[in-house]
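*Asks:* okay, predicted coordinates and the sequence, questions at the end:
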Amino acid sequence: MSGKANEVRLVLDTYPLSRTAICPTLEWATAHAAYLHFYSDYGYYHGSIKYIYDLSSRRPPLKIRYGILALTSSERRNGKLRYTASFGRSGEVYEGWAERHATIVIEPRAGGAPPAYTITDAPAPPDSVAEPEPFATADGQSVIVENKTPPGQPRQPSGIGVIGKSERKQYYPAPIPTMALYRKVLPDKPAPGEIEDDIGPFVLDGNKIWFASTFYDSEGVSGVGAVGVFDISTRKYDMRYLPEIAPWSGSAILLDGGNLWIGLIRRPEGAVYGAGLLRYNITTGAAAKYAVADSIHTIDRLGETLYCGTSHGLYTIRGGKVRQLRFEPDDKGKLIMVPREVW
């Protein structure tokens, strides 16, 4: 609509009120495109429609159904990043949309130019999750991070197992915050009936394991987000309950020189949602957050640019500037990369 009389310039679509199973959400439109995303109860995403139009003409908009590609895993190869990308799985996608899986390869370009990319269709990844494997330390010990309770067993706190040269395993449970600490660190948040904290994403740094905690946050259960470090030599934890991470769980981690980069999320009853990207200096304790709106699955650095694979494409951070690279159909239905500045 435009003008003093609110003249209707273009009708994108009509949506019947009888369709109550999923709710449409209109995203901020550009000069030539608008996006309608569909969500069911508890925030679960089920598909999108992209409308491509020309306001100078009276032609109806082009309507393309598609699914937002989430970049769920990454691998570095020959100076490039290779991502596994997916939208939905069989049985999770509403009628009208189809699941899709792809491999996206990103190659940096000089300066701040958007990277080169290729997109190739791929089969669905396996449903099974690999069991954690021990990793070796410099002094010949083996360490394993255990953060999942076996099915059918009473819940056990996560922790770190250390297998010495004698091949005897010792298990060190991760600290769980007290209710007093919860109230101190999160004074504006109602205290839960039960506190749970587990080891989330982690990275090995010589003889230390850095990690971010993770916790379910609903139905009377919650936790306190933290940056933690376990010293394998002394067998001791050091938990740092920073205000920048205390309300959130960690979803991904990267140790980059003296900085830890941590993806922040909330894990409520329903869909997980993103809460930004945290940079924490392990020496000075300085912390800063970056505006990454979607859930972060992977964090990598190539050259001067940080790359975050998320639930909605790829985010890059360079010189403090954040950019989103979305993968969506063009007017022919072909997947292309569409850069968007993040303000």
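*Replies:* Nice, I can see it. Keep in mind it's a predicted model, so treat the numbers as computed, not measured.
*Asks:* burial count for residue 122?
*Replies:* 14 (other Cβ atoms under 10 Å). C-beta here means a position set from N, CA and C on the backbone, and glycine is covered the same way.
*Asks:* that should have said residue 159, apologies.
*Replies:* Residue 159 has 18 neighbours, counted by other Cβ under 10 Å.
*Asks:* also residue 199?
*Replies:* As a burial measure, residue 199 scores 23 neighbours (other Cβ under 10 Å).
*Asks:* domain assignment for the protein?
*Replies:* 75-121, 174-311 (automatic domain parsing).
*Asks:* now do the first one, average pLDDT.
*Replies:* Spelled out, that is domain 75-121. Averaged over domain 75-121, pLDDT sits at 89.
*Asks:* in this structure, which helix or strand is least confident?
*Replies:* strand 135-136 (a mean of 84; mean pLDDT, DSSP states H and E).
*Asks:* nearest residue to the residue nearest the centre of the chain other than its sequence neighbours?
*Replies:* In the chain, the residue lying closest to the centroid (Cα atoms, centre = their mean) is residue 296, at 1.9 Å. Nearest non-adjacent residue to residue 296, counting by Cβ to Cβ, 6 or more residues apart in numbering: residue 263, 2.8 Å away.
*Asks:* before we move on, what about residue 52?
*Replies:* The nearest residue in space to residue 52 (Cβ to Cβ, 6+ apart) is residue 62, at 4.3 Å.
*Asks:* quick one, what contacts the one you found?
*Replies:* Neighbour list for residue 62: 51, 52, 53, 331 [criterion: Cβ atoms under 8 Å, 6 or more residues apart in numbering].
*Asks:* how about those in a markdown table, adding secondary structure and distance to residue 245?
*Replies:* Converted to a markdown table, those look like this (DSSP: H, G, I helix; E, B strand; the rest coil; distance: Cβ to Cβ, whole Å):
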| residue | secondary structure | distance to residue 245 |
| --- | --- | --- |
| 51 | strand | 38 |
| 52 | strand | 40 |
| 53 | coil | 42 |
| 331 | coil | 42 |
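*Asks:* now do the strands in the stretch 1-150 of the chain.
*Replies:* Using DSSP state E, counting those that start in this stretch, the strands of the stretch 1-150 of the chain run over 23-27, 33-39, 45-52, 62-66, 70-77, 80-87, 100-107, 116-121, 135-136, 142-146.
*Asks:* just checking: what are the partner strands of the last one?
*Replies:* With DSSP bridges as the criterion, the sheet partners recorded for strand 142-146 are strand 135-136 (antiparallel), strand 159-163 (antiparallel).
*Asks:* dump those strands to CSV, plus distance to residue 302.
*Replies:* Formatted as CSV, these follow (distance: least, Cβ to Cβ, whole Å):
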stretch, distance to residue 302
strand 135-136, 24
strand 159-163, 30
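*Asks:* out of these, which is closest to residue 146?
*Replies:* Minimum separation from residue 146 across the strands paired with strand 142-146 (Cβ to Cβ) falls at strand 159-163, 5.9 Å.
*Asks:* next secondary structure element downstream of that closest one?
*Replies:* As assigned by DSSP states H and E, the chain's next helix or strand after strand 159-163 is strand 169-173.
*Asks:* hmm, who's touching that next one?
*Replies:* Here strand 169-173 has contacts from 146, 157, 158, 159, 160, 161, 162, 163, 164, 230, 235, 237, using Cβ under 8 Å, 6+ apart.
*Asks:* and the fifth one, what does it touch?
*Replies:* Taking Cβ under 8 Å, 6+ apart, we find residue 160 in contact with 143, 144, 145, 146, 171, 172, 174, 199, 209, 230.
*Asks:* find me the pLDDT at the residue nearest to the centre of the chain, would you?
*Replies:* pLDDT at residue 296 comes out at 98.
*Asks:* low-confidence ranges in the stretch 201-343 of the chain?
*Replies:* The model of the stretch 201-343 of the chain has pLDDT under 70 over residues 343.
*Asks:* how about the strands in it?
*Replies:* Secondary structure of the stretch 201-343 of the chain (DSSP E, counting those that start in this stretch): strands at 208-214, 221-222, 227-231, 236-240, 249-256, 259-266, 273-281, 287-290, 296-302, 305-310, 313-318, 321-329, 335-341.
*Asks:* adjacent strands (with direction) for the third one?
*Replies:* Looking at strand 227-231 with DSSP bridges, its partner strands are strand 208-214 (antiparallel), strand 236-240 (antiparallel).
*Asks:* buried deepest among these, which one?
*Replies:* Highest mean neighbour count of the strands paired with strand 227-231: strand 208-214, a mean of 24 (counted as mean count of other Cβ atoms under 10 Å).
*Asks:* got the angle for that one vs strand 249-256?
*Replies:* 150 degrees (axes from the mean of the first three to the mean of the last three Cα atoms, to 10 degrees).
*Asks:* and strand 208-214 with strand 259-266, angle?
*Replies:* 20 degrees.
*Asks:* and strand 208-214 with strand 273-281, angle?
*Replies:* Relative orientation of strand 208-214 and strand 273-281, computed by the same axes, to 10 degrees: 150 degrees.
*Asks:* ok, the residue nearest to residue 273 when sequence neighbours are not counted - how many residues close by?
*Replies:* Once flanking residues are discounted, residue 273 sits nearest to residue 266: 5.7 Å by Cβ to Cβ, 6+ apart. Neighbourhood size, residue 266 [other Cβ under 10 Å]: 19.
*Asks:* residue 266 reaches residue 217, doesn't it?
*Replies:* Yes: at 5.8 Å, residue 266 counts as touching residue 217 under the criterion of Cβ atoms under 8 Å.
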